[in-house]
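Asks: give me a 3D structure for the following:
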Amino acid sequence: MDNLTQSQWISLLVPLLVLQLALMITALVVLVKAERTRGPKWLWAIIIVIVNLLGPIAFFLFGRRAD
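Replies: This next block holds a predicted model:
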């Protein structure tokens, strides 16, 4: 991995950053619109923002309640 150039690193990281941002925004919008969640909304908001890629995925898997 030490042989990657700066442009190769950027081409690898940009899609991951876009995916992370899209998941985070989507999860926060769903969280705000949800009437009920498993656990307090403030805690899910912190998890979504701080735990990067896994936080939004955890919210979609475990935080939402099917009504």
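Asks: what does stretch 47-55 rub up against?
Replies: With Cβ atoms under 8 Å, 6 or more residues apart in numbering as the test, stretch 47-55 has contacts from 16, 19, 20, 23, 24, 27, 28, 31, 56, 58, 59. Glycine gets a C-beta too; all of them are placed from N, C-alpha and C.
Asks: can you give me the end-to-end distance of that stretch?
Replies: Distance between the two ends of stretch 47-55: 5 Å, counting by Cα to Cα, to the nearest Å.
Asks: quick check: buried residues in it?
Replies: For stretch 47-55, the neighbour count (16 or more other Cβ atoms under 10 Å) marks 47, 48, 55 as buried.
Asks: the last one should be in a strand, yeah?
Replies: It stands for residue 55. No: judged by DSSP: H, G, I helix; E, B strand; the rest coil, residue 55 forms no part of a strand; its state is helix.
Asks: state the distance from it to residue 31.
Replies: Taking Cβ to Cβ, to the nearest Å as the measure, residue 55 and residue 31 are separated by 11 Å.
Asks: picking that back up, separate out the buried members of the contacts of stretch 47-55.
Replies: Listed as buried from the contacts of stretch 47-55 are 23, 24, 27, 28, 31, 56, 59; burial here means 16+ other Cβ under 10 Å.
Asks: pLDDT, distance to residue 38 and secondary structure added to these, as CSV?
Replies: Putting the buried ones among the contacts of stretch 47-55 into CSV (pLDDT from 0 to 100; distance: Cβ to Cβ, whole Å; DSSP: H, G, I helix; E, B strand; the rest coil) gives the following:
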residue, pLDDT, distance to residue 38, secondary structure
23, 95, 18, helix
24, 96, 19, helix
27, 95, 14, helix
28, 96, 16, helix
31, 95, 11, helix
56, 92, 15, helix
59, 91, 9, helix
